[in-house]
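Undergrad: Below is the structure, and that's it, no one-letter string:
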């Protein structure tokens, strides 16, 4: 009892110090930061740094999002913060792209629930377990599936995570390792081939910025691919970790030690012990079909996946239309087979949407963070100070190093490319730097941020599909992402003097 009381007092004292520090930062910003300025110079660093330090100190990611976004709004609008913040929330929810992303997550929630409640995920898990025959093979199948489905990072992370997490649980693979594989092979492959969602997006930006002709966007983009050092290295590194060439260390080593000692595959249940496969199954196994219902077969897993991939490609890589088509086709097939009746299917969809609620809240707040940080000129400031250090040979390395830091603090994903590409292309022209290499450095920095930032959307998705706490997943993945980042930085430094 004394120990518990002491722990509570220490936690209270720690929180008091954290919130006092936040209050002091708000007072400083309120008194000294300009109001309504176009750009804020070094002041723009405060919101992302505050958010990062808060998350690192408290492990409260949603609250960190809130403090970071409120600080960015407060810096510019002061007394109007509450009304402006409310307007920003509404604006982000009205934005067609953001709304589409929310719908995508709701539809994925539907599919995940349908897979679990129908017994499809269990059937796939049983089939994959027979194929895998061990922990390494289970992880390797996870790795290959994310690569195969890499036309879209959400598609690969959510689909593979939902199906393979229970399989890897059966082989007593720590959830941290399962999530590492999902995270590092979800986004990077999307940049390496011409039908990846990230590739298509950046190719469109090259056309929009008149770097490529309207029908040559992808052709120009593919010239950047050989210089995407971080995506290439992290994919290779993950494979080496799976097969054991690169050893487990840091939080990942502790996770394996926890499981080897009879602990849970899940870090959230680290205080519990379970020495049997059944206990691991209870933590994350898909549900079996209800009594009296026709059991799902393995073909029932592959039909929705094939429909999802085919319809997404058919609708010009529009995954929202692909998901709608898949949910409808799956309803027809599953109801016709007697796996569900119509009412059960709709109820299951509603459960799946509800399960995505926290994920969607995190996403909406992350939208506000991105727009608020952008509004005070964060990226323009970073590009500006980078420009003062310009050397044709060093520019790719500088671009990667600087934006690796900023993306680690606040992962902007595609927003980074929208803001930075129009500045970097003329900067390369003015300095004589290799534009393909420099754009490769920028894209690589964005992928590093997606892999390493504790609160990137990729991390949120993987923690949901891999059934692991977002902070613990981030801490166990970070050391491996750092290795690939350091190697990439060295590659950009050397390449700048070669190309």
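TA: Cool, got the structure. This is a predicted model, so every value here is computed, not measured.
Undergrad: what's around residue 412, how many residues?
TA: Residue 412 is flanked by 27 other residues according to other CB atoms under 10 Å. All C-beta spots, glycine's among them, are computed from the backbone N, C-alpha and C.
Undergrad: Equivalent analysis for residue 184, please.
TA: Each residue near residue 184 was counted by other CB under 10 Å, and the total is 29.
Undergrad: mind checking pLDDT for it?
TA: Listed pLDDT for residue 184 reads 95.
Undergrad: Quick check: closest non-adjacent residue to it.
TA: residue 238 (4.5 Å; CB to CB, 6 or more residues apart in numbering).
Undergrad: so what's the one you found up against?
TA: When contacts are counted by CB atoms under 8 Å, 6 or more residues apart in numbering, residue 238 touches 143, 180, 181, 184, 185, 480.
Undergrad: 10 Å instead, please
TA: By CB atoms under 10 Å, 6 or more residues apart in numbering, the contact set of residue 238 is 139, 143, 146, 180-185, 188, 246, 477, 480-481, 484.
Undergrad: Mind listing what's buried along the strand or helix carrying it?
TA: Using DSSP states H and E, residue 238 sits in helix 229-243. Going by neighbour count (16 or more other CB atoms under 10 Å), the buried part of helix 229-243 is 229, 230, 231, 232, 233, 234, 235, 237, 238, 239, 241, 242.
Undergrad: And the residues you listed, which is closest to residue 354?
TA: The nearest member of the buried residues of helix 229-243 to residue 354, counting by CB to CB, is residue 238 at 32.5 Å.
Undergrad: Tell me the spacing between the closest one and residue 404.
TA: For residue 238, the distance to residue 404 equals 18 Å [CB to CB, to the nearest Å].
Undergrad: TSV please, covering the buried residues of helix 229-243 and showing distance to residue 103 and pLDDT.
TA: Formatted as TSV, those follow (distance: CB to CB, whole Å; pLDDT from 0 to 100):
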residue	distance to residue 103	pLDDT
229	35	98
230	30	98
231	28	97
232	33	97
233	34	98
234	30	97
235	30	97
237	34	97
238	30	97
239	34	97
241	35	97
242	34	96
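Undergrad: Distance from the chain centre to the helix holding residue 238, please.
TA: Relative to the chain's own centre, helix 229-243 is displaced by 17 Å; criterion: CA atoms, centre = their mean, to the nearest Å.
Undergrad: now whatever helix or strand comes next after it: how far from the chain's centre is it?
TA: Next along the chain after helix 229-243, taking DSSP H and E as the criterion, comes helix 251-260. Remark: helix 251-260 is offset 23 Å from the chain centroid, using CA atoms, centre = their mean.
Undergrad: List of residues touching helix 251-260?
TA: Everything outside helix 251-260 that qualifies as a contact, by CB under 10 Å, 6+ apart, is 135, 172-177, 180, 241, 247-248, 263-267, 269-270, 273-274, 280, 472-480.
Undergrad: Could I have the buried ones of these as PyMOL selection syntax?
TA: Buried subset of the contacts of helix 251-260, written as a PyMOL selection, criterion 16+ other CB under 10 Å:
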select buried, resi 135+172+173+174+175+176+177+180+241+248+263+264+265+266+267+270+274+280+472+473+474+475+476+477+478+479+480
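Undergrad: out of the contacts of helix 251-260, which are inside helices?
TA: Judged by DSSP state H, the contacts of helix 251-260 include 135, 175-177, 180, 241, 280, 472-480 as members of helices.
Undergrad: Can you name every helix or strand that the helix or strand hosting residue 408 contacts?
TA: Following DSSP H and E, one finds residue 408 within helix 395-409. Packing contacts for helix 395-409, counted by 3 or more CB pairs under 10 Å, 6 or more residues apart in numbering; DSSP states H and E, involve helix 46-58, helix 229-243, helix 378-387, helix 414-431, helix 435-452, helix 470-498.
Undergrad: Pull out the buried positions in that helix.
TA: Buried residues in helix 395-409, defined by neighbour count with 16+ other CB under 10 Å: 395-404, 406-409.
Undergrad: ok, then the element right after the lowest-mean-pLDDT helix or strand in the chain?
TA: Using mean pLDDT, DSSP states H and E, helix 277-284 stands out as the lowest-scoring helix or strand of the chain, at a mean of 38. Downstream of helix 277-284, the next assigned helix or strand under DSSP H and E is helix 299-314.
Undergrad: Helix or strand next in line after that following helix, which one?
TA: Note on helix 299-314: by DSSP H and E, the next helix or strand toward the C-terminus is helix 319-336.
Undergrad: Counting by contacts, list what that next one packs against.
TA: Using 3+ CB pairs under 10 Å, 6+ apart: helix 319-336 touches helix 96-118, helix 153-170, helix 299-314, helix 342-355.
Undergrad: And the second one, what's buried?
TA: Okay, so that is helix 153-170. Of the residues in helix 153-170, 153-170 count as buried by neighbour count, 16+ other CB under 10 Å.
Undergrad: again with stretch 419-433
TA: For stretch 419-433, burial by neighbour count (16+ other CB under 10 Å) applies to 419, 420, 421, 422, 423, 424, 425, 427, 428, 433.
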